[in-house]
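Visitor: This is a predicted model, with the sequence first.
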Amino acid sequence: MNIAPNLKAPLTQLLLSIADDKLLLGARNSDWTGLGPILEEDIAFSHLAQDEIAHAQALYELAGELTGQKADDIAMGRPAHEFRSAAIVEVPDEFDWATALARKLFCDHFDVLRLERMANSEWKPLRDLAKRMAAEERVHVEHTDSWVIRFGRGTPQSRQRMQSAIDALAPLATTLFEPYDGLKLLVDAKIYPGSDFTMYEEWMRQITSVLDRAGLKANIVVGEPDDKGGRRGVHTEHLMPLLDEMGEVYRTDPGAAW
Amino acid sequence: MSKIREQFDRPPETPLEVAPTGDLRPFVIFTQLRKAGPYIYAGWLEASDAAMAMSFAKEHYGQDQECVGLWAIDRAHLTSSDGLYRASGRNGRRSYIVMSQKKAGDLFLEAGTIEADSPAAAVDAARRGLRMAQAAHCIWVVPPEHVNKSGENELIWRYTDQSYRLARGYGREVRAKWIAFRDEKKLAEYEKDDLAEAF
């Protein structure tokens, strides 16, 4: 299936929104390598962060086929306002592992849902890639859920810290769902089938179910559709420093081969 | 650590209200590389319970080589013929899974099952009754209920290329650059000596 000219831009934006979410989440979470709470979990957490970056790379390569650019240049060569990541993946975790977990809780569940929908895309390259990524993302969800539940059911202190982390990030959770121009065209063309309100409802059900099992709560608020955020290029002040450090090596020699 | 982390002013650690219980304990991990193949020792890890052990096992022992089955065994329930591990088994006739190590340093392999009245008796019975265990350097026995197994088709492995995780060194291009650089250095040194001789 060839992509109609009027769909190329929205489809690129869609691919970037997923890829940027994953790249930044992967970057934030790989910042725990060597600093995790226990050795085994440190290694597992690093693996999962590497997964996210590998997924991002595959998506950038797919976007690159549409725009004629190389994946590295798309990932590292764009200014901040061209990123399509949601605010929740940009904010730092303040060196608090419960915060990193709470972020993963909201993001991993969202990821599985959007990837599962894309696994039914009319566009084969996206369909094939999304099927594989959705299967891997389900492993992430299992991992994240188990830790959130462990902390929720652990000591009063672990429960309180996990709850605080959830409370701090809950206001940003729905930035993942921000609508943007062109999304409806992709839904109508069945390139991104079913990205509608039911996905939000399903996500809420999944999050609530995990939190219930953990004895925790989340106060989720849906943003106003007119509030421009990450999906439309309006980012928090945390994005620039993150991109600066991430792109440092790339910028010293953009064409370098390793 | 990223510069962002280094520059972050970390608040002082709040003291723990409940002292850590030190409940991380060793689990040995076996993997089955192909359907109906033997389970082979892959390593061990620390976890607080079977669920955590299985979760870690999937992450740590499947990344380099795909497997179709995983076992995670709480080492407290293992008994070894060399006396290193001694489980306090319940008395009464039951079956034991046996793993054997052919020569010192070899990987333990699944060797069969045996029935016995105690872990020590199971070691003896395995030595007598199981072909692989007879001449083995060392054997382990464990009751099957303490072997946590992955489910049918439960294991999925990364479909994206994971070879970058392996410590295999750099690719051909970089190797060529290194050789060119090193040869240049050698030539420069040789020229220096050459000049020293001539003058």
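Guide: Arrived safely, thanks for sending.
Visitor: can you pull out the helices in chain A?
Guide: With DSSP state H as the criterion, chain A has helices at A:5-30, A:39-67, A:71-76, A:87-90, A:97-118, A:124-152, A:156-173, A:183-188, A:197-214, A:239-246, A:248-252.
Visitor: likewise chain B?
Guide: Under the criterion DSSP H, chain B contains helices at B:3-7, B:50-61, B:119-129, B:131-134, B:172-198.
Visitor: Looking at those helices, which one is packed in the most?
Guide: helix B:50-61 (a mean of 21; mean count of other C-beta atoms under 10 Å in any protein chain shown). In this view, the C-beta of every residue, glycine as well, is placed from N, C-alpha and C.
Visitor: on that earlier part again, CSV for the helices of chain B, including distance to chain A and mean pLDDT?
Guide: As requested, the helices of chain B are exported to CSV (distance: least, C-beta to the nearest C-beta, whole Å; pLDDT from 0 to 100):
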stretch, distance to chain A, mean pLDDT
helix B:3-7, 6, 87
helix B:50-61, 4, 90
helix B:119-129, 27, 95
helix B:131-134, 31, 92
helix B:172-198, 5, 79
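Visitor: Now tabulate those helices in a markdown table and tack on distance to B:L84.
Guide: Output for the helices of chain B, formatted as a markdown table (distance: least, C-beta to C-beta, whole Å):
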| stretch | distance to B:L84 |
| --- | --- |
| helix B:3-7 | 41 |
| helix B:50-61 | 20 |
| helix B:119-129 | 12 |
| helix B:131-134 | 16 |
| helix B:172-198 | 43 |
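Visitor: My guess is A:Q157 contacts B:E17. True?
Guide: Yes - between A:Q157 and B:E17 a contact is recorded at 4.6 Å, counting by C-beta atoms under 8 Å.
Visitor: distance of the residue nearest to A:D72 when sequence neighbours are not counted from A:L239?
Guide: Excluding the flanking residues, the one nearest A:D72 by C-beta to C-beta, 6 or more residues apart in numbering or on different chains is A:Y250, at 6.6 Å. Counting by C-beta to C-beta, to the nearest Å, the separation of A:Y250 from A:L239 is 16 Å.
Visitor: so, in contact with chain B or not, stretch A:156-174?
Guide: Yes - using C-beta under 8 Å from any C-beta of the partner chain, we find that stretch A:156-174 touches chain B at A:P156, A:Q157.
Visitor: Give me the residues contacting that stretch.
Guide: A:86-88, A:91, A:96, A:98-99, A:101-103, A:105-106, A:148, A:150-153, A:200, A:207, A:211, A:214-223, B:14, B:16-18 (C-beta atoms under 8 Å, 6 or more residues apart in numbering or on different chains).
Visitor: if we go to 6 Å?
Guide: A:87-88, A:98-99, A:102-103, A:106, A:151-152, A:216, A:218-220, A:222-223, B:17 (C-beta atoms under 6 Å, 6 or more residues apart in numbering or on different chains).
Visitor: Lowest-confidence one in those residues?
Guide: By pLDDT, A:G223 ranks lowest within the contacts of stretch A:156-174, coming in at 81.
Visitor: okay, now the nearest residue to that one once chain neighbours are set aside: neighbour count?
Guide: If the residues on either side of it in the chain are set aside, A:G223 comes closest to A:T174, at 5.6 Å by C-beta to C-beta, 6+ apart. Using other C-beta atoms under 10 Å in any protein chain shown, A:T174 is surrounded by 21 other residues.
Visitor: ok so, going back, for A:R231, which of the helices of chain B is the nearest?
Guide: Ranking the helices of chain B by proximity to A:R231 (C-beta to C-beta) places helix B:3-7 first, at 23.6 Å.
Visitor: Send me that closest one as CSV with only the CA atoms.
Guide: C-alpha atoms of helix B:3-7 as CSV (Å, rounded to 0.1, in the frame of the first residue of the first chain):
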residue,chain,number,x,y,z
LYS,B,3,25.7,15.0,33.6
ILE,B,4,22.1,15.7,34.4
ARG,B,5,22.3,13.2,37.2
GLU,B,6,25.6,14.4,38.4
GLN,B,7,24.4,17.9,38.7
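Visitor: Pick the most buried one from the helices of chain A.
Guide: helix A:87-90 (a mean of 25).
Visitor: circling back to that earlier point, output the helices of chain A in a markdown table, with distance to B:V68 appended to each entry.
Guide: Below are the helices of chain A laid out as a markdown table (distance: least, C-beta to C-beta, whole Å):
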| stretch | distance to B:V68 |
| --- | --- |
| helix A:5-30 | 28 |
| helix A:39-67 | 20 |
| helix A:71-76 | 32 |
| helix A:87-90 | 34 |
| helix A:97-118 | 24 |
| helix A:124-152 | 15 |
| helix A:156-173 | 35 |
| helix A:183-188 | 38 |
| helix A:197-214 | 29 |
| helix A:239-246 | 37 |
| helix A:248-252 | 39 |
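Visitor: Verify the contact between A:T175 and A:G229 for me.
Guide: Yes - with contact defined as C-beta atoms under 6 Å, A:T175 reaches A:G229; the gap is 5.3 Å.
Visitor: between those two, what contacts are shared?
Guide: A:A87.
Visitor: Could I get the buried residue list for stretch B:29-37?
Guide: Using 16 or more other C-beta atoms under 10 Å in any protein chain shown as the test for burial, stretch B:29-37 gives B:I29, B:F30, B:T31, B:Q32.
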